[in-house]
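S.K.: when you get a sec, could you give me coordinates for this:
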Amino acid sequence: MATIGLFYGTDTGNTERSAKRIKELLETKVPGITIELNEIYKKKKEDMAKYDLLILGMPTWYDGELQGDWESYISEMEQIDFTNKKVAFFGLGDQYGYASYFCDALGVFAEIVEKKGGKLYGFTSVAGFEHDFSKAQRGDQFVGLCLDVDNQDTLTEERTQKWVEQVVGEFGL
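M.R.: Now for the predicted structure:
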């Protein structure tokens, strides 16, 4: 059975809660699967490189700032060969307070994964969001699951469930 490395960074605990919910949903949908939950804090490239299936979760702060632990991990991530790896992203942002930077962190890290040979999965529609711009947006889709627990928390569970179902199929689990 497959093992997924689920990495997240968090300051307020919102991304951690989302990561734990994604893990729970995956374990329910794919009995016997192993999800290894990893907080990105103090991780090295070897910690991520050992997985062929990855789910990466990160918030975007203020005017497009990266969460501190993810920002520190960029140099490690740029050393990973993502060839033949399947990578899905989820992220949190504030579409109203920071409408020009909504979930930008996903776009920053998706670009690194693609440059290093990785394949992205779990794209979601921008429909239902009211942001102005996002580095995570490509056409009418985000490069992963974007959540706004500040302004649309009532949609978080449904969006997460649909996304997990999609990733299960796209990862071939």
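
S.K.: residue ranges of the strands in the chain, please?
M.R.: Listed in chain order, the strands found in the chain under DSSP state E are 3-8, 34-39, 53-61, 65-66, 86-92, 119-121, 124-125, 137-138, 141-142, 144-147.

S.K.: partners of the fifth one in the sheet?
M.R.: Looking back up the chat, that one is strand 86-92. strand 53-61 (parallel), strand 119-121 (parallel), strand 144-147 (parallel) (DSSP bridges).

S.K.: hang on, the earlier thing: mean pLDDT added to the strands of the chain, as TSV?
M.R.: Output for the strands of the chain, formatted as TSV (pLDDT from 0 to 100):
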stretch	mean pLDDT
strand 3-8	97
strand 34-39	97
strand 53-61	97
strand 65-66	93
strand 86-92	98
strand 119-121	98
strand 124-125	98
strand 137-138	97
strand 141-142	98
strand 144-147	98
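
S.K.: what I need now is the ones you listed written out in CSV, including distance to Arg17 and mean neighbour count for each item.
M.R.: (C-beta placed from N, C-alpha, C; glycine too.) What follows is the strands of the chain, written out as CSV (distance: least, Cβ to Cβ, whole Å; neighbours: other Cβ atoms under 10 Å):
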stretch, distance to Arg17, mean neighbour count
strand 3-8, 10, 22
strand 34-39, 12, 16
strand 53-61, 10, 25
strand 65-66, 19, 16
strand 86-92, 10, 27
strand 119-121, 22, 18
strand 124-125, 19, 16
strand 137-138, 24, 16
strand 141-142, 20, 20
strand 144-147, 10, 28
